[in-house]
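*Asks:* Any chance you could fold what I've pasted below:
(one chain, ligands or ions: 1)
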Amino acid sequence: MSVPTVIIHRDADMLAKAVAARVIVRIVDAQSAKGSAHLVLTGGSVGIATLAEIAASPARDAIDWRNLDIWWGDERFLPAGDSERNETGARKALLDHVDVDPARVHVMRGPDSGMTAEESAEAYAEELRRAARPEDHGPAPAFDLLMLGMGPDGHVASLFPEHPALYDTRPAMAVHGSPKPPPTRISLSFPVIQGANEVWVVAAGEEKAGAVRLALSDSGPMQVPAAGARGRRRTFFLLDRAAASKIPSSLGRISSP
Ligand SMILES: O=C1O[C@H](COP(=O)(O)O)[C@@H](O)[C@H](O)[C@H]1O
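*Replies:* Numbers count the residues shown, from 1 in each chain. Predicted structure coming up:
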């Protein structure tokens, strides 16, 4: 697993713009090398703001959207179109504005599919297994980029502190009793997150500062799930100044004046 690199931008707005630029370059690079790429989206405030900035960037057309597989790190188990679904936010902010191949947009299905949360999670796990190639060395693609938001409690995807889902080794699982509404969710598991080539944790706001500090210290991922958010080849913590305000200055590189 890689050691995190911390990059700090002046505020949430600049953070979303800078991460959007970075995402475009990362996907273009991956597609240039292999022809296609796998991108995992996150919900949450900065996650969705980043997608809106990608949509607003003229450079978005450098991405070959038809040759991009889009996945989610987690989803709230709600019907399609519900405004609280991460998918709904992503479609509104970005996916409705670019030429994605619908067959390559891999949504975690909600109760309107007729499935229980367990069945939906297993269907997602199966979709991940089918997409994995031998060179991925695991039950899911080694994603080119997996983005994660982070809660003030240090949760990433729908992996919450001290929750049994943290120990789950299936590619995706149902999460019940989430402390943040809604209570039922679907999440990728730690082994799949840590199998991604690049993991980027994106967080803004003072309320995240304590969790950011712990995620970059020796905390265990069971207490602070973001401490387990590490990619195989590269890990970024992309923060605004408020979210970075409790980490030692030696850890962070300021990139926006
Ligand atoms: O519930 C969730 O929360 C986190 C963080 O959201 P934020 O609004 O505090 O940035 C998000 O990353 C996750 O995908 C989502 O389901």
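
*Asks:* quick one: the closest residue to residue 255 other than its chain neighbours from residue 91, how far?
*Replies:* On the basis of C-beta to C-beta, 6 or more residues apart in numbering, the spatially nearest residue to residue 255 that is not a chain neighbour turns out to be residue 7, at 5.2 Å. All C-beta atoms are positioned from the backbone trio N, CA, C, and that covers glycine. Look at residue 7 and residue 91: by C-beta to C-beta, to the nearest Å, they are 28 Å apart.

*Asks:* any idea how far residue 95 is from residue 72?
*Replies:* Residue 72 is 11 Å from residue 95, by C-beta to C-beta.

*Asks:* Correction: the previous question concerned residue 162.
*Replies:* Distance from residue 162 to residue 95, counting by C-beta to C-beta: 34 Å.

*Asks:* who has more neighbours, the two?
*Replies:* Set side by side, residue 162 and residue 95 show more neighbours around residue 95, with 19 against 10, by other C-beta atoms under 10 Å.

*Asks:* mind checking how far the nearest residue to that one once chain neighbours are set aside is from residue 139?
*Replies:* In space, and not counting its chain neighbours, residue 95 is closest to residue 105: 6.5 Å by C-beta to C-beta, 6+ apart. Note on residue 105: its distance to residue 139, by C-beta to C-beta, is 20 Å.

*Asks:* Then residue 67?
*Replies:* Residue 67 is 23 Å from residue 139, where distance means C-beta to C-beta.

*Asks:* Looking at the two, which has the bigger crowd around it?
*Replies:* Legend: neighbour count by other C-beta under 10 Å for residue 67 and residue 139, higher for residue 139 (20 against 15).

*Asks:* mind listing what the closest residue to residue 206 other than its chain neighbours touches?
*Replies:* In space, residue 206 comes closest to residue 242 once its chain neighbours are excluded; the distance is 4.3 Å by C-beta to C-beta, 6+ apart. When contacts are counted by C-beta atoms under 8 Å, 6 or more residues apart in numbering, residue 242 touches 11, 204, 205, 206, 208, 209.

*Asks:* I would like a ChimeraX command selecting only the buried ones among these, please.
*Replies:* Filtering the contacts of residue 242 down to the buried ones (16 or more other C-beta atoms under 10 Å) takes a single ChimeraX command:
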select :204,205,208,209
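
*Asks:* Quick one: the contacts of residue 242 as CSV, columns for pLDDT too.
*Replies:* Compiled in CSV, the contacts of residue 242 are given as follows (pLDDT from 0 to 100):
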residue, pLDDT
11, 97
204, 98
205, 98
206, 98
208, 98
209, 98
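
*Asks:* wait, which of the contacts of residue 242 is closest to residue 100?
*Replies:* Nearest to residue 100 among the contacts of residue 242, counting by C-beta to C-beta, is residue 204 at 26.2 Å.

*Asks:* doesn't residue 44 make contact with that closest one?
*Replies:* No. With contact defined as C-beta atoms under 8 Å, residue 204 does not count as touching residue 44 (9.6 Å).
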